[in-house]
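**Q** Output the structure for:
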Amino acid sequence: MNVTKQEARNIMKQKRNLLSSDMITELTDSIISNIFTNVFDKDIADTSSDLLYNILLFAAYNKEPDTYSLFNALKLSLNNINIYFPKVSDDKRNMEFFKTDNINELRPGYMNIPEPEFNNEKVYYQSENDSLTCKNIIFLPGLAFDKMGHRVGYGGGFYDKYLQKHHNMIKIALCYDFQVIDNQYIETEEYDICVNYIVTDKRFIEI
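**A** The predicted structure follows:
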């Protein structure tokens, strides 16, 4: 049985709105623990190598998991790493990621979501040879996911458009466990791009 994107959005928004600040902190701590156990301590991101790690994060919005805590944990635990945050273009059509060294660099932007300043020298650029020198990981937000890796966002299509241009990336959904739809599939459209993995506060799902 399939669930429409709008149905999934409505259900998950209601559930997520019930979370208190303390619950978000507790669930985020479990998510971060699962990320390090299943991503950075395993072959998905072999941190024993000399590769440069480009990590594309998102700024937490409207009770999403606390990615600022994840940013700090990554900075403290990993060497040879660049972390990027997204910025929506002025025409609201596209999105680019910019290298961010400090959370305090972010300022309210599109939908009042914190964004980095536009800086051509810090924009994330993916070359054809990246796989030889870099490991590129993008953590994706979303309202709902299914076990096929389908994702329901907020409806802007920014991530699908971005990932159509940036193929050589490990795509990891970051969400609360209740946002994973176990017994139904999300109705999809031809431009939708699936994730490779889903990390929640309770489990790590390989697609």
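**Q** Spatially, what comes nearest to residue 119 if we skip its sequence neighbours?
**A** Once flanking residues are discounted, residue 119 sits nearest to residue 98: 5.9 Å by CB to CB, 6 or more residues apart in numbering. (Each C-beta comes from the backbone N, C-alpha and C, glycine too.)
**Q** Repeat that for residue 80.
**A** By the measure of CB to CB, 6+ apart, the closest residue to residue 80 outside its immediate chain neighbours is residue 52, 5.5 Å from it.
**Q** what about residue 63, which helix or strand?
**A** Under the assignment given by DSSP states H and E, residue 63 is not contained in any helix or strand.
**Q** quick one: pLDDT of it?
**A** pLDDT, residue 63: 96.
**Q** Could you do residue 93 as well?
**A** 78.
**Q** which element is it on?
**A** Residue-wise, residue 93 maps onto no helix or strand under DSSP H and E.
**Q** Repeat that for the one 5 residues further on.
**A** Residue 98 is part of strand 95-99 when elements are defined by DSSP H and E.
**Q** Contacts only, for residue 73.
**A** Neighbouring residues of residue 73 by CB atoms under 8 Å, 6 or more residues apart in numbering: 32, 36.
**Q** repeat that with 10 Å
**A** By CB atoms under 10 Å, 6 or more residues apart in numbering, the residues touching residue 73 are 28-29, 32-33, 35-36, 40.
**Q** Could you do residue 86 as well?
**A** Residue 86 neighbours (CB under 10 Å, 6+ apart): 56-59, 95-98, 109-110, 113, 115-116, 124, 138, 141, 158-159, 162.
**Q** circling back to that earlier point, what's in contact with the next helix or strand after the strand holding residue 98?
**A** Using DSSP H and E, the next helix or strand after strand 95-99 towards the C-terminus is strand 107-108. Contacts to strand 107-108, defined as CB under 10 Å, 6+ apart, come from residues 59, 87, 114-117.
**Q** and the residues you listed, which two are the farthest apart?
**A** 59 and 117 (13.2 Å; CB to CB).
**Q** Hmm, residue 26 is touching residue 20, no?
**A** Yes: counting by CB atoms under 10 Å, residue 26 does reach residue 20; the two are 9.4 Å apart.
**Q** Comparing these two, which shows the higher neighbour count?
**A** For residue 26 and residue 20, the more surrounded residue by other CB atoms under 10 Å is residue 26, and the numbers stand at 13 against 9.
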